[in-house]
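Trainee: the following comprises the amino acid sequence and a computationally predicted model.
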Amino acid sequence: MDITIYTDGASRGNPGPGGFGTVLICGQYRKEISQGFRRTTNNRMELLAVIIGLEALKKPGMNVTIYSDSKYVVDSVEKKWIIGWLKKGFKDKKNKDLWLRFLDIYKQHTVRFVWIKGHNETPENERCDRLAVAAALDTPSLLVDAGYEAEEKSSGLF
């Protein structure tokens, strides 16, 4: 079964309040997912959008095409940078918690990434952008990005 996932992340400041938007499409079926966080980064939201999309799949072994405007995410996987980071224990790399979470779900499917230019009138990417921005602005519903806030504290920034 073929699944198409569109993703986008946003942050209001970097770091700052952020959110992600994900649209999953399988035949006539469509699902939209979004969530906001009180303090995070754009790259974390871009990656989390992909993770949440893959985690939403109910069965392993799906053929998945993910469309993202994030060079950070697409290149990290397609150029296999993530493999080197994993071998080195993510030394000096950010977002280790999310990359490990990604790898756990990624290996359950056959996944192909396609980079698309952001804000280029691709309807589903534009929808993901609107979902991500709205989630970042939904102050009463913002969650704690525990991985980011823990990393921030350990770096001595706060």
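Mentor: Looks like it came in fine.

Trainee: mind listing the helices for the chain?
Mentor: 42-55, 71-78, 81-87, 96-106, 123-137, 146-154 (DSSP state H).

Trainee: ok, which of these comes nearest Gly16?
Mentor: helix 123-137 (8.1 Å; Cβ to Cβ). No exception for glycine: its C-beta is placed from N, CA and C like everyone else's.

Trainee: rewinding a little: between the helices of the chain, which gets nearest to Tyr6?
Mentor: Between these, helix 123-137 lies closest to Tyr6; by Cβ to Cβ that is 4.0 Å.

Trainee: can you give the distance of the closest one from its chain's centre?
Mentor: Counting by Cα atoms, centre = their mean, to the nearest Å, helix 123-137 is centred 13 Å from the centre of its parent chain.

Trainee: how about that helix: buried residues?
Mentor: By neighbour count on 16 or more other Cβ atoms under 10 Å, the buried set for helix 123-137 is Glu124, Asn125, Glu126, Arg127, Cys128, Asp129, Leu131, Ala132, Val133, Ala135, Ala136.

Trainee: I'd say Gln43 and Lys71 touch.
Mentor: Actually, residue 43 is Asn. It isn't Gln. No - judged on Cβ atoms under 8 Å, Asn43 makes no contact with Lys71 at a distance of 10.0 Å.

Trainee: neighbour count winner among the two?
Mentor: Asn43 (19 against 13; other Cβ atoms under 10 Å).

Trainee: if anything else comes up later, I'll come back, but that's it for now.
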